[in-house]
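Visitor: Have a look at this prediction, sequence included:
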Number of protein chains: 10
Amino acid sequence: MLFHVEMVVKLPPDMPAEQAAEIKAKEKAYSQELQRQGKWRHLWRVAGSYANVSIFDVSDNAELQELISGLPLFPYMDIQVKPLCRHPSSVRDDDT
Amino acid sequence: MLFHVEMVVKLPPDMPAEQAAEIKAKEKAYSQELQRQGKWRHLWRVAGSYANVSIFDVSDNAELQELISGLPLFPYMDIQVKPLCRHPSSVRDDDT
Amino acid sequence: MLFHVEMVVKLPPDMPAEQAAEIKAKEKAYSQELQRQGKWRHLWRVAGSYANVSIFDVSDNAELQELISGLPLFPYMDIQVKPLCRHPSSVRDDDT
Amino acid sequence: MLFHVEMVVKLPPDMPAEQAAEIKAKEKAYSQELQRQGKWRHLWRVAGSYANVSIFDVSDNAELQELISGLPLFPYMDIQVKPLCRHPSSVRDDDT
Amino acid sequence: MLFHVEMVVKLPPDMPAEQAAEIKAKEKAYSQELQRQGKWRHLWRVAGSYANVSIFDVSDNAELQELISGLPLFPYMDIQVKPLCRHPSSVRDDDT
Amino acid sequence: MLFHVEMVVKLPPDMPAEQAAEIKAKEKAYSQELQRQGKWRHLWRVAGSYANVSIFDVSDNAELQELISGLPLFPYMDIQVKPLCRHPSSVRDDDT
Amino acid sequence: MLFHVEMVVKLPPDMPAEQAAEIKAKEKAYSQELQRQGKWRHLWRVAGSYANVSIFDVSDNAELQELISGLPLFPYMDIQVKPLCRHPSSVRDDDT
Amino acid sequence: MLFHVEMVVKLPPDMPAEQAAEIKAKEKAYSQELQRQGKWRHLWRVAGSYANVSIFDVSDNAELQELISGLPLFPYMDIQVKPLCRHPSSVRDDDT
Amino acid sequence: MLFHVEMVVKLPPDMPAEQAAEIKAKEKAYSQELQRQGKWRHLWRVAGSYANVSIFDVSDNAELQELISGLPLFPYMDIQVKPLCRHPSSVRDDDT
Amino acid sequence: MLFHVEMVVKLPPDMPAEQAAEIKAKEKAYSQELQRQGKWRHLWRVAGSYANVSIFDVSDNAELQELISGLPLFPYMDIQVKPLCRHPSSVRDDDT
């Protein structure tokens, strides 16, 4: 089941550079592990911003909550979620 | 080059059913042709709405404008565009 | 799987009273059928408005889309959807 | 009498972990006590967020104010309240 | 139990003057009857607008819904409701 | 002359408890003095919030500014002002 | 007593040209009469729009409501009102 | 003197095609005449929309108002204006 | 050439009182000097707020930028600018 | 390929003056280098603000992201991006 997730990162400007680097490294590892598992199906940067558009593929709402609330950057992001489903005009068989 | 496009359809409630059906049929054909050409890469319905989230793959801004302004439903939609690019944490090679 | 759905009804003021009554009657029957099936778990009026707050219990996003887009009043409503899941502090066993 | 309450938690990122844990523990106990008394009738997590949707069952507005302003997380939440009442299409007898 | 209600009237500019006059006359009679019963406790015009601020005194949310949805101008108004209760600094005994 | 004033209190979470208590005590005294003088005619808590709805009765805009800017909590509040006047449907003689 | 009033004119595009011209002529006469009386102290066009910024000088809120609700274009305008008073840094004696 | 102007065109869907074509032809001629005079210095389409971003070069606010209110599409556009001036980091001599 | 400027002051609550007093004193002197020069033509307090409405009379956009960015409170204000010009219904000769 | 970029600078008021000056100097150098390369085609100050409107000329979305995320002020700005393309009414050959 797919969900559309937009994340805007808002790190406090006074966070020490070392701490920021550590959180970002953890976020990257976490994200790549979920991508390899097929649960974080797409991940794009929104050009000109510190934000991304993502497509999650989860079994239910509870798993979505578990994955998103576990993001190392979770306390520093504005996140918007939209449930997706197959569009009647879609021609792709592998896109839902 | 990828663009994130959200479309919300707002047909006037008093549009004759026949006219609405005709526009929707044209929209479907137009959309499926672009999907087959690989220019409309993803198309999802936002569950619980008359809206979609789409990913376009075009050669430049001008082609994006040409494709979107040619949508049969163009005069009846609120459309928002965001330029996308590869995310530094993405693990997929075929997603930009 | 639960979804929180808010619906605000906006009937055009110039819709003939007979037509409005017919749509509302269909909406009521449709809603009550879904309630009896357990798919529309809660339905409350927001006091002082022509709006409701609802809780849907569906198997996935696709079913949510099917049920909501089938509402007789669907073309006349502003609808907002939020996916829900169990809250870690909830004490009820039957509420997810 | 039912009220629909949405709470979005916004803890300051620099709050010491210990202090945050203590407030959250108090919030959980407070919430579960009210749930057991039947005054906090429903409590759901909004998936993908640090927010909840709740249904309170109170005797009047004053009790609603007393319960909500007493929340340990009250100073750290954005809260929106909507009064609810029975919907004319509802089929449930125990839902108001 | 008090509720704060703001009403903004938006009559369609093409409504025949006679029909508008009739609705407004009904609204006035309805409002004055509720004021006399003590249920519409205050009614003020917001200066420079076609809007009012009102204080309703009702027994519960259901009565609020009944009174507001019965307003002759109800289909032509944007309405916002806020539940009120006694303020701890209030010195008036008769104001809740 | 009446004004409708909404005040939302936003104390910084890290304000020392003692300092907050002192400001609130001053605010209470200030508010009750103005109520006794008849200048702060109504004061209600918005249920479920740290906000109030107030009705001021002043001789002119300058006095309104003087009273509001003198509030001990003034630097910590979002405040919205609306000028009121008699509503043509009002039945009360003492409400303007 | 001064009030700051912003008016944005939104004439329906399908209003017959003759009717529009008649309303605008009445508006102009009405506005110029009030300016000559000193009650509509300033009137500026916002460049690049069909909107104005005005300063009214009235004896109280009731007169403001009377003057504004009497505008021939009143049903076709979005209007925002702010009460003004003397600024402590103002050097002009004739500007309040 | 430069102004940044954004125009979003909102033609009523039920405008006859012939009338729309006529207005658009007039708009094009008007726009091109001003461009040739150097008063409409830049004109870009916002990709994926029926909107443009423009830079006007006028002698004062009054001329800006004259040019914009004279647009054949003026009654059908949402327009936003921002005054521009030389940026202290600009390296171009001919860009103000 | 006239510009309409709204300024909302947002001093950080933890700014030392002495520093705040010093900035305000500088702001007052700066404002009064510009008023005496005729460049800051009107200055009004918005009643019930820490905000003002001002009318500037400058030779061009560049001077507006120079005057506003030089305000001692500039880093602590939300500022909105609108270009003004003569209204066709204005009867005053000295108001543009 | 052109992009319209609006940047609003929001430096924390408590940033040491020296640090602010250093970041601004870097920003200026960075901006002027890109202007000389032809990638930052236009740069204007929005009069009365600490904001600019810019036109970037890049080869694709990825380059836009690289240039913008490299801005020394990037962590301190609200940035909005719009893709541009040739307007069908444009008469300039060198403006896309």
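Guide: Looks like it arrived, so ask away.

Visitor: which residues does the spatially most central residue of chain A form a beta bridge with?
Guide: Among the residues of chain A, the one closest to the centroid is residue A:54, at 4.9 Å (Cα atoms, centre = their mean). For residue A:54, the beta-bridge partners are residue A:5, residue A:43 (DSSP bridges).

Visitor: how much space is there between it and residue B:92?
Guide: Distance, residue A:54 to residue B:92, by Cβ to Cβ, to the nearest Å: 12 Å. Placement of C-beta: from N, CA and C, glycine included.

Visitor: what does residue A:55 give?
Guide: Distance, residue A:55 to residue B:92, by Cβ to Cβ: 11 Å.

Visitor: residue boundaries of the strands in chain A?
Guide: A:2-9, A:40-46, A:51-57, A:77-86 (DSSP state E).

Visitor: and for residue A:55 and residue B:92, which residues touch both?
Guide: Taking Cβ atoms under 8 Å, 6 or more residues apart in numbering or on different chains as the contact rule, the neighbours common to residue A:55 and residue B:92 are residue A:42.

Visitor: So which of those two has more stuff around it?
Guide: Neighbours were counted for residue A:55 and for residue B:92 using other Cβ atoms under 10 Å in any protein chain shown; residue A:55 has more, 19 against 13.

Visitor: What parts of chain A come near chain C?
Guide: With Cβ under 8 Å from any Cβ of the partner chain as the criterion, chain A meets chain C at residues A:1-3, A:60-62, A:64-65, A:81-86, A:96.

Visitor: which among these gets closest to chain G?
Guide: Chain G has its nearest neighbour among the residues of chain A next to chain C in residue A:82, at 31.1 Å by Cβ to the nearest Cβ.

Visitor: In contact with the residue nearest to the closest one when sequence neighbours are not counted, which residues?
Guide: Take residue A:82 and drop its neighbours on the chain: the residue closest to it by Cβ to Cβ, 6 or more residues apart in numbering or on different chains is residue A:4, 4.3 Å away. Listed by Cβ under 8 Å, 6+ apart, the contact partners of residue A:4 are A:53-55, A:81-84, B:44, B:46, B:53.

Visitor: Next, format the residues you listed as JSON lines and append pLDDT and distance to residue H:9.
Guide: Converted to JSON lines, these look like this (pLDDT from 0 to 100; distance: Cβ to Cβ, whole Å):
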{"residue": "A:53", "pLDDT": "98", "distance to residue H:9": "28"}
{"residue": "A:54", "pLDDT": "98", "distance to residue H:9": "33"}
{"residue": "A:55", "pLDDT": "98", "distance to residue H:9": "33"}
{"residue": "A:81", "pLDDT": "98", "distance to residue H:9": "33"}
{"residue": "A:82", "pLDDT": "98", "distance to residue H:9": "28"}
{"residue": "A:83", "pLDDT": "98", "distance to residue H:9": "33"}
{"residue": "A:84", "pLDDT": "98", "distance to residue H:9": "31"}
{"residue": "B:44", "pLDDT": "98", "distance to residue H:9": "28"}
{"residue": "B:46", "pLDDT": "98", "distance to residue H:9": "26"}
{"residue": "B:53", "pLDDT": "98", "distance to residue H:9": "25"}
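
Visitor: Would you mind giving those as CSV with distance to residue B:30 added?
Guide: Converted to CSV, these look like this (distance: Cβ to Cβ, whole Å):
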residue, distance to residue B:30
A:53, 24
A:54, 28
A:55, 24
A:81, 29
A:82, 24
A:83, 26
A:84, 21
B:44, 17
B:46, 20
B:53, 18
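
Visitor: among those, who's most crowded?
Guide: Greatest neighbour count in those, by other Cβ under 10 Å, goes to residue A:83: 27 neighbours.

Visitor: Give the bridge partners for that residue, please.
Guide: When assigned by DSSP bridges, residue A:83 has beta-bridge partners residue A:3.

Visitor: for chain B, what are the nearby residues on chain A?
Guide: By the rule Cβ under 8 Å from any Cβ, the part of chain A lying against chain B is A:2, A:4, A:27-28, A:31-32, A:35-36, A:42-48, A:52-53, A:82-92, A:95-96.

Visitor: Any of these buried? List them.
Guide: By neighbour count, with 16 or more other Cβ atoms under 10 Å in any protein chain shown, the residues of chain A next to chain B hold A:2, A:4, A:27, A:31, A:35, A:42-48, A:52-53, A:82-87, A:89-90, A:95-96 as buried.

Visitor: For the strands of chain A, could you give me TSV that also reports distance to residue F:23?
Guide: Listed next are these as TSV, based on distance: least, Cβ to Cβ, whole Å:
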stretch	distance to residue F:23
strand A:2-9	34
strand A:40-46	42
strand A:51-57	38
strand A:77-86	31
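
Visitor: Quick one, which of these gets closest to residue G:16.
Guide: Of all the strands of chain A, it is strand A:77-86 that lies closest to residue G:16, at 44.0 Å by Cβ to Cβ.

Visitor: And the contacts of that closest one?
Guide: The contact list for strand A:77-86 (Cβ under 8 Å, 6+ apart) reads A:1-10, A:55, A:64, A:68, A:71, A:95-96, B:44-48, B:53, C:3, C:60-62, C:64-65, C:81-83, D:47-49.

Visitor: Which positions in the lengthiest helix in chain A come out as buried?
Guide: For chain A, the longest helix by residue count, based on DSSP state H, is helix A:17-37. Going by neighbour count (16+ other Cβ under 10 Å), the buried part of helix A:17-37 is A:23-24, A:27, A:30-31, A:34-35.

Visitor: Tell me the one of the contacts of residue A:4 nearest chain J?
Guide: Among the contacts of residue A:4, and counting by Cβ to the nearest Cβ, the member closest to chain J is residue A:53, at 12.5 Å.

Visitor: quick one: the closest one and residue A:41 touch, right?
Guide: No: using Cβ atoms under 8 Å, residue A:53 makes no contact with residue A:41, being 11.6 Å away.

Visitor: gap between whichever residue of chain A sits closest to chain H and chain G?
Guide: Distance from chain H to each residue of chain A (Cβ to the nearest Cβ) is smallest for residue A:47, at 12.8 Å. Look at residue A:47 and chain G: by Cβ to the nearest Cβ, to the nearest Å, they are 30 Å apart.

Visitor: so what's that residue up against?
Guide: So, once contact is read as Cβ under 8 Å, 6+ apart, residue A:47 ends up touching B:82-85, J:61-62, J:64-65, J:68, J:81.

Visitor: Please repeat the previous calculation with a cut-off of 6 Å.
Guide: Contact partners of residue A:47, counting by Cβ atoms under 6 Å, 6 or more residues apart in numbering or on different chains, are B:83, B:85, J:61, J:64-65.

Visitor: Tell me the spacing between it and residue J:57.
Guide: Taking Cβ to Cβ, one finds residue A:47 at 14 Å from residue J:57.

Visitor: got it, and residue A:64?
Guide: Residue A:64 sits 40 Å away from residue J:57, taking Cβ to Cβ as the criterion.

Visitor: can I get the CA coordinates of stretch A:66-74 in PDB?
Guide: C-alpha atoms of stretch A:66-74 as PDB (Å, rounded to 0.1, in the frame of the first residue of the first chain):
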ATOM      1  CA  GLU A  66       6.500   3.000  12.800                       C
ATOM      2  CA  LEU A  67       8.800   3.800   9.900                       C
ATOM      3  CA  ILE A  68       8.300   7.600   9.900                       C
ATOM      4  CA  SER A  69       8.400   8.100  13.700                       C
ATOM      5  CA  GLY A  70      11.700   6.200  13.600                       C
ATOM      6  CA  LEU A  71      13.400   8.600  11.300                       C
ATOM      7  CA  PRO A  72      16.500  10.100  13.000                       C
ATOM      8  CA  LEU A  73      15.400  13.500  11.600                       C
ATOM      9  CA  PHE A  74      11.800  13.000  12.700                       C
END
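
Visitor: Understood, closing this out.
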